[in-house]
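Student: any chance you can model this:
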Amino acid sequence: MSIKHNESFKVSVIICCYTFERLNDIVEAIESVLTQTLTPLELIVAVDNNEELYQQLITLKFPNTRVILNTKARGFSQTKNLGILKSKGHIVAFLDDDAVAEKTWLEKLTKSFSPAKQIDYEFSSQKHVVATGGMTIPRWSQGAPPFWFPEELNWAVGGTYKGLPLHENQMRNVMGGNCAIRKDVFNKTGLFGTQFGRVGDTGVAEEAEFCLRLKTHFPHSIILFEADAVVYHKVSISRSSLNYLKKRAFDEGKSKGRLISFNQVKSPQLLTTENSYLQYLLFYAIPGRLKCFYRRDSLPKILAIIIAITATVIGYISGRIERSKIPK
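Tutor: As a prediction, this is how the structure comes out:
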């Protein structure tokens, strides 16, 4: 049974997509939103520079759904921004185009937000939730991850990872494929930075940059992890290889290298999540598996972690060098 949304507290859901190859996945993602226990005000499907995909999605005529086309710069940051500008809700929630949401996803993801009244976060004496992120579980196309792939690296395939740094269930930044943000904060912080973010299947860090900017403007605001807001993110066979892991880790490091060199981000939380996570890997994940070295998968998983760390560091250095060459 669906819960009708309070008229004073409306939610817009945005799904960004870019390739016709994922048409079936996009349809499944849309259907999972339209069958939520909490009915959204609207669903916006934002297509990134793909006229063929846009035209096809329009013909499908899903109820309560608008399909829009980004014809400006390619990339998910620009496409998300278009969706935000077109949205009518007090909250905007995001779901990946190759993910499926549990029926209670939206209800759980938005349960902690304050009423929809305008809040002056800079001067409010109360702490308000301005963004939430949910639990993203990888759904492997082969039924299970490769035997060498540890849960600590789930981020590489768009999932919530073991060792995620949380403080009182708060997180530094959300993951873009399973999150909700109060729309009124964009008025002060601006939209997602187009200097960051994915273009096609490459690039990351638009959510980290935005959330750091958000916390700079509103240091007492809360970004909350809602573990019960569950989505399942599909992982194709092409993303189940060691080569993909190395590429994804390199991209992650490069984006963070560019981020730390980006002069608009001056936050005390910069790289605290990464530092805490690295300590977890070095002092808990790797030693814990070394104690169980006799298990078939222990050493391969340790090796995968070391490869991911190395690729990330190399990418980070590359990002710092690349950013330093851009005139400020």
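Student: pLDDT score assigned to residue 127?
Tutor: Turning to residue 127, the model gives it a pLDDT of 80.
Student: contacts only, for it.
Tutor: If a contact means CB atoms under 8 Å, 6 or more residues apart in numbering, then residue 127 has 220, 221, 222 as its contacts. All C-beta atoms are positioned from the backbone trio N, CA, C, and that covers glycine.
Student: for it, give its distance to residue 219.
Tutor: For residue 127, the distance to residue 219 equals 10 Å [CB to CB, to the nearest Å].
Student: equivalent analysis for residue 308, please.
Tutor: Distance, residue 308 to residue 219, by CB to CB: 32 Å.
Student: so these two - more neighbours on which side?
Tutor: Just comparing residue 308 and residue 219: by other CB atoms under 10 Å the higher neighbour count belongs to residue 308, 24 against 12.
Student: do a quick rundown of the helices in the stretch 151-300 of the chain.
Tutor: Listed in chain order, the helices found in the stretch 151-300 of the chain under DSSP state H, counting those that start in this stretch are 186-189, 206-217, 242-261, 272-280, 286-290, 298-324.
Student: and among the ones you listed, the most buried is which?
Tutor: Each of these was assessed for mean neighbour count using mean count of other CB atoms under 10 Å. The highest is helix 206-217, with a mean of 23.
Student: tell me the helices and strands packed up against that one.
Tutor: Helix 206-217 is packed against helix 76-86, strand 129-140, helix 186-189, strand 222-235, helix 242-261, with contacts defined by 3 or more CB pairs under 8 Å, 6 or more residues apart in numbering; DSSP states H and E.
Student: out of the ones you listed, which is closest to residue 32?
Tutor: strand 222-235 (8.0 Å; CB to CB).
Student: hmm, back to that, I'd like the contacts of residue 127 as CSV, with pLDDT, neighbour count and distance to residue 70 appended.
Tutor: Supplementary listing: these in CSV, determined by pLDDT from 0 to 100; neighbours: other CB atoms under 10 Å; distance: CB to CB, whole Å:
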residue, pLDDT, neighbour count, distance to residue 70
220, 85, 13, 34
221, 89, 21, 28
222, 94, 18, 31
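Student: for residue 282, state which of those is nearest.
Tutor: Taking CB to CB as the measure, residue 282 sits nearest to residue 222 out of the contacts of residue 127, at 29.1 Å.
Student: so what's the nearest residue to the closest one once chain neighbours are set aside up against?
Tutor: Beyond its immediate neighbours in the sequence, the residue positioned closest to residue 222 (CB to CB, 6 or more residues apart in numbering) is residue 129, lying 4.7 Å away. Shown in contact with residue 129 (CB under 8 Å, 6+ apart): 112, 113, 114, 182, 221, 222, 223, 224.
Student: so residue 17 sits against residue 44, correct?
Tutor: No - if you go by CB atoms under 8 Å, residue 17 and residue 44 don't touch, sitting 11.2 Å apart.
Student: more neighbours, these two?
Tutor: Of the pair residue 17 and residue 44, residue 17 is the one with more neighbours under other CB under 10 Å, namely 25 against 22.
Student: how close does the more buried one sit to residue 70?
Tutor: Distance, residue 17 to residue 70, by CB to CB: 10 Å.
Student: same thing with residue 146?
Tutor: Applying CB to CB, the value for residue 146 to residue 70 is 34 Å.
Student: more neighbours, the two?
Tutor: Neighbour count, other CB under 10 Å: between residue 146 and residue 70, residue 70 has more, with 22 against 15.
Student: still on that earlier bit, format the helices of the stretch 151-300 of the chain as JSON lines; extra columns: mean pLDDT and distance to residue 64.
Tutor: Shown next, in JSON lines, are these (pLDDT from 0 to 100; distance: least, CB to CB, whole Å):
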{"stretch": "helix 186-189", "mean pLDDT": "90", "distance to residue 64": "23"}
{"stretch": "helix 206-217", "mean pLDDT": "87", "distance to residue 64": "26"}
{"stretch": "helix 242-261", "mean pLDDT": "89", "distance to residue 64": "34"}
{"stretch": "helix 272-280", "mean pLDDT": "91", "distance to residue 64": "36"}
{"stretch": "helix 286-290", "mean pLDDT": "95", "distance to residue 64": "47"}
{"stretch": "helix 298-324", "mean pLDDT": "92", "distance to residue 64": "40"}
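Student: rebuild those helices as TSV, extending it with distance to residue 34.
Tutor: As requested, the helices of the stretch 151-300 of the chain are arranged in TSV below (distance: least, CB to CB, whole Å):
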stretch	distance to residue 34
helix 186-189	25
helix 206-217	25
helix 242-261	31
helix 272-280	34
helix 286-290	42
helix 298-324	37
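Student: rewinding a little: separation between the residue nearest to residue 222 and residue 10?
Tutor: Note on residue 129: its distance to residue 10, by CB to CB, is 16 Å.
Student: for residue 138, which of the helices of the stretch 151-300 of the chain is the nearest?
Tutor: helix 242-261 (12.7 Å).
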